[in-house]
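Novice: Requesting a structural model of the entry that follows:
(one chain, ligands or ions: 2)
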Amino acid sequence: MTATDDAIELEAERLLRSLMHVDCDPHGKTWNLATCRAIAPLTLEINRLKAERDAVILAHSYLEPEIIYGVADFRGDSYFLSMKAREVRAKVILFAGVVFMAETAKILSPEATVIVPDRGSGCSLADSLTGDQLRRLKSLYPDATVVCYINSTADVKAESDVCVTSGNVYHIVEHLPARRILFVPDRLMGDNLRAEMKRRGADKEIITSDGTCMVHDQFSPADIAEARERYPGLKVVAHPECPPAVAAAADFVGSTGAMMKYVKNSGAPYYLMLTECGLVGRLQVESPEKAFIGGCRLCPYMKLNSLEKVRDALKAPRPDQIITLDEGVRRRAAHCIDRMFELSPTD
Ligand code: 13P
Ligand code: SF4
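Specialist: Ligands and ions are numbered 1, 2, ... in the order given. From the prediction side, this is the model:
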């Protein structure tokens, strides 16, 4: 069934109301009525397929704005999307993000068919540590409580005591009874965690593995110093995957969800967002009165998603687009994520 000209026009106008504010498109696209008209048949088709297949689309905030505002049912950070993955009662969950996020959805909603638009959408953090490597590390620190960042494989989660996200890592680790923590796989977040525990007066020994996020480990304190000089009143907002010197020089450090909240509630004239550029696109749509400075850093994995791949995966998913997990691994990984939900702050 092809959409009528009237339906396409209405859809293009709907898309334009959000997308007109985005001026940091990763492909250099300008969002006007003509570009919205060009994608409207695809977003209409995807939204029709969702209803036919009983599917929901969860999209991480780093995704292209046409996915976030065109077809996603829920958009947000890893914690919010994990909660949605656990709650939704759809037959199909399409995760527009990266593979570890889709695996997490499958761990939490085993009855659903969980699909990804591109199986190559890895993550430099999740790919830095295997379950076998973690087992070897654990044997060196048998008395440590193992805390895994959600940016990890199902195998790593299955080997861990508790999972955390960027939004709850400080709270959860602070309140764990153990002093010795083996934190994997993000070395830089581990360094930030160590500094924060010290600041909070929590006596913790934090041991880390050696992964980093290939996007966030590129930011440097020099970026901040230069920006502050050029833009008086600037607020610097960083993700905890950034190096500790960057986190220390920022005005606010938090998950992508917390970063958005901070900007929305702040009256500053300019913002430097030290994270993936997709988040700036979201803020341009949802806080169009704010000014964002600085260049764009892209996560090549997140950017493997596209409307065409979303449509094709919904229509007829290839085997490589369907997430499958060994049931024993899934159960143990679910236990580690359930502990995160139990220990997360309630606000
Ligand atoms: P958030 O959970 O803060 O959205 O982080 C996910 C991520 O991959 C950051 O690089
Ligand atoms: Fe992984 Fe970094 Fe991409 Fe997030 S931005 S998915 S941590 S590589």
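Novice: I'd like to know which residues of this protein are adjacent to ligand 2.
Specialist: Taking C-beta under 6 Å from any ligand atom as the measure of proximity, the chain contacts ligand 2 at 98, 123-125, 151, 213-215, 241, 276, 299, 301-302. (C-beta placed from N, C-alpha, C; glycine too.)
Novice: Give me the subset of the residues you listed that also touch ligand 1.
Specialist: By C-beta under 6 Å from any ligand atom, the members of the residues of the chain next to ligand 2 lying near ligand 1 are 151, 213, 241.
Novice: Top of the residues you listed by number of neighbours, please.
Specialist: Sorting those by how many neighbours each has (other C-beta atoms under 10 Å) puts residue 241 first, at 30 neighbours.
Novice: ok, that residue to residue 142 distance?
Specialist: Shown here: residue 241 relative to residue 142, a distance of 28 Å by C-beta to C-beta, to the nearest Å.
Novice: Now, of the residues of the chain next to ligand 2, which are buried?
Specialist: 98, 123-125, 151, 213-215, 241, 276, 299, 301-302 (16 or more other C-beta atoms under 10 Å).
Novice: need those residues in TSV with pLDDT and secondary structure, can you?
Specialist: Formatted as TSV, the entries for those read as follows, by pLDDT from 0 to 100; DSSP: H, G, I helix; E, B strand; the rest coil:
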residue	pLDDT	secondary structure
98	98	coil
123	98	coil
124	98	coil
125	98	coil
151	98	coil
213	98	coil
214	98	coil
215	98	coil
241	98	coil
276	97	coil
299	98	coil
301	98	coil
302	98	helix
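Novice: Let me know the closest of these to residue 323.
Specialist: Within these, distances to residue 323 taken as C-beta to C-beta reach their minimum at residue 98, with 11.8 Å.
Novice: Run through the residues that contact the closest one.
Specialist: Taking C-beta atoms under 8 Å, 6 or more residues apart in numbering as the contact definition, residue 98 lies against 60, 121-123, 126, 299, 301-302.
Novice: Need those in a markdown table (columns: distance to residue 109).
Specialist: Listed next are the contacts of residue 98 as a markdown table, based on distance: C-beta to C-beta, whole Å:
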| residue | distance to residue 109 |
| --- | --- |
| 60 | 17 |
| 121 | 19 |
| 122 | 22 |
| 123 | 20 |
| 126 | 19 |
| 299 | 24 |
| 301 | 22 |
| 302 | 22 |
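Novice: tell me the pLDDT at the closest residue to residue 138 other than its chain neighbours?
Specialist: If you skip the residues right next to it in sequence, residue 138 has residue 146 as its closest partner in space, 6.2 Å away by C-beta to C-beta, 6 or more residues apart in numbering. The predicted local confidence for residue 146 comes out at a pLDDT of 98.
Novice: my read is residue 262 is in a helix, agree?
Specialist: Yes - according to DSSP: H, G, I helix; E, B strand; the rest coil, the state of residue 262 is that of a helix.
Novice: Quick one, grab the pLDDT at the nearest residue to residue 135 once chain neighbours are set aside.
Specialist: In this structure, residue 135 finds its nearest non-sequential neighbour in residue 159, 6.1 Å apart by C-beta to C-beta, 6+ apart. We have a pLDDT of 98 for residue 159.
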